[in-house]
Structure formats: C-alpha cells, structure tokens
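*Asks:* can't give you the sequence, but here's the structure:
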Ligand SMILES: Cc1cc2nc3c(=O)[nH]c(=O)nc-3n(C[C@H](O)[C@H](O)[C@H](O)COP(=O)(O)O)c2cc1C
C-alpha cells in the first residue's frame, strides 16, 4: 500500500496537458500498487495565498506565542506539509508558464518550505526532512527544454527538483509532454510523454 499525493497546478482543466500526463502517472502507479490511496491537492482550488508579512511572522515565531490569526495560518501551512509528510509517492503536475511554474505552485512552496518541517539547518548546513519518498514530475511545455538551445531557459524542472531536493526528496523521475506549440511535434507530444512513463 502506498500513499500518493497528487499536486495539480495548471489553471486549465480538461485542456491541461500536465493534468493528463500527471493522471497517466497516477494510473501507472496504481497499476503497480493496486491498494494505493491517492490524495489530490489541486492548487487551483482554494488558492494558497501570496506570502505576506503576517505569514512570515507566524512561521518565524514560537507556536505558544501565536495569536488566533497566527494559529490559523500555522494550521493551514502544517496541513499542507502533513500531506507531504504522509506521502510515499508524490506526483506533481508542473506546467511551464513563462519559463517557470504557475504562481499557485510557487505560493505552495512558500507555505511548505519551513525549517523544522521540511528541512532544517545544522552545523553541516541544510538538511532535508522528507526522506525516502519518490517524486514524479509531470512537465508540460509549448517549447522543448530537454535538449537544444532553450534548455537554459527552463526554470521549471530544475527549480521543482531543487525545492524537493532541499526537502530531502532525491529520488526523482521527470516525464515531459514538450513541444506542445511546435507544429510537427505538438501532434504527438502528449502521447510521447505518456508513453515514456516508467514506474520504478
Ligand atoms: C500564459 C502562458 C504562458 C506560457 N509560457 C510558456 C513558456 O514560457 N514556455 C513554454 O515552452 N510554453 C509556455 N506556455 C505553453 C504551456 O507550457 C503549454 O500550453 C502547456 O500545455 C501548459 O500546461 P497545461 O496544459 O497543463 O496548462 C505558456 C502558456 C500560457 C497559457
């Protein structure tokens, strides 16, 4: 039995390539682990707020000193983090928007990147606290970034890998539906991405 967390971030619904790719990853994981339980965190529903001073002050003050407003901010962030902690496998739909991740996903990381929860600092430097998890990234883009001249424009996959790597999640597979805006490639880009899915 595996606990799977599916993080969705495309503002598109039925037309979203990253959702289709992410769903295909989930299906293949379920085929391998039939009793797995999937929890969905759709970041386009109940948006994570943009980070404000009140949030930062909450994250950097002891729980015992929290006002009722800070208690609710802390509980909200802890709930997002607990979904990550409970997952054995994380599938993240990561569509490229303006070379990076959708703002919803960035906001999510602002509420989950917390010392003492997802990482800590010691004399040895930063250390991830979410170990022994597998991450699958379902990436979708109009252009091609896995090779060629636009590789260096990709602030999506390397960023997502870095954030999760910082959390201690080092076992990562990336599947790509890329070239979705390029005639001659776009027609098969999603099918190619889905075909490339291997669950290890
Ligand atoms: C507002 C917007 C910005 C985009 N920015 C990029 C980009 O910087 N690079 C790229 O290759 N594709 C870009 N695209 C194309 C998307 O990556 C592509 O449509 C992909 O399918 C998005 O994933 P989704 O279908 O799951 O939403 C953009 C699309 C939109 C609508």
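*Replies:* Thanks, I have it. Everything numeric in this text was worked out from a predicted model, so none of it was measured.

*Asks:* Which positions in this protein make contact with the ligand?
*Replies:* Proximity of the chain to the ligand, by Cβ under 6 Å from any ligand atom, involves residues 10, 12, 16-19, 95-99, 140-143, 180-181. No exception for glycine: its C-beta is placed from N, CA and C like everyone else's.

*Asks:* Looking at the residues you listed, which are in helices?
*Replies:* Taking DSSP state H as the definition of helices, the residues of the chain next to the ligand contribute 17-19.

*Asks:* Give me the secondary structure label for residue 29.
*Replies:* Taking DSSP: H, G, I helix; E, B strand; the rest coil as the rule, one finds residue 29 in the helix state.

*Asks:* isn't it right next to residue 36, touching?
*Replies:* Yes - with contact defined as Cβ atoms under 8 Å, residue 29 counts as touching residue 36 (6.4 Å).

*Asks:* From the ligand, how far out is the most centrally placed residue in the chain?
*Replies:* Centroid-nearest residue in the chain: residue 92, 4.0 Å away (criterion: Cα atoms, centre = their mean). Separation of residue 92 from the ligand (Cβ to the nearest ligand atom, to the nearest Å) stands at 12 Å.

*Asks:* next one: residue 1
*Replies:* As judged by Cβ to the nearest ligand atom, residue 1 and the ligand stand 29 Å apart.

*Asks:* so where do the strands sit in this structure?
*Replies:* In chain order, the chain shows strands spanning 3-8, 37-42, 89-95, 119-122, 125-128, 134-141, 171-178, with DSSP state E as the criterion.

*Asks:* how about the ones you listed, which one is nearest residue 152?
*Replies:* Smallest distance to residue 152 across the strands of the chain (Cβ to Cβ): 14.0 Å, for strand 134-141.

*Asks:* Now the closest one: average pLDDT?
*Replies:* Strand 134-141 shows a mean pLDDT of 99.

*Asks:* Just the residues contacting that strand, thanks.
*Replies:* Outside strand 134-141, the residues that touch it by Cβ atoms under 8 Å, 6 or more residues apart in numbering are 10, 16-18, 21-22, 24-25, 29, 88-96, 156-157, 160-161, 164, 169, 171-180, 190, 193, 199-200.

*Asks:* same check, this time on stretch 170-182
*Replies:* Here stretch 170-182 has contacts from 17-18, 20-21, 25, 128, 133-146, 157, 161, 164-165, 185-186, 189-190, 192-194, 196-198, 200, using Cβ under 8 Å, 6+ apart.

*Asks:* what about 6 Å?
*Replies:* With contact meaning Cβ atoms under 6 Å, 6 or more residues apart in numbering, stretch 170-182 is reached by 17, 21, 134-142, 144, 146, 157, 161, 185-186, 189-190, 193, 196-197.

*Asks:* same deal with stretch 4-22?
*Replies:* By Cβ under 6 Å, 6+ apart, stretch 4-22 touches 26, 36, 38-44, 83, 87, 89-93, 95, 102, 104-105, 138, 140, 177, 180, 190, 193.
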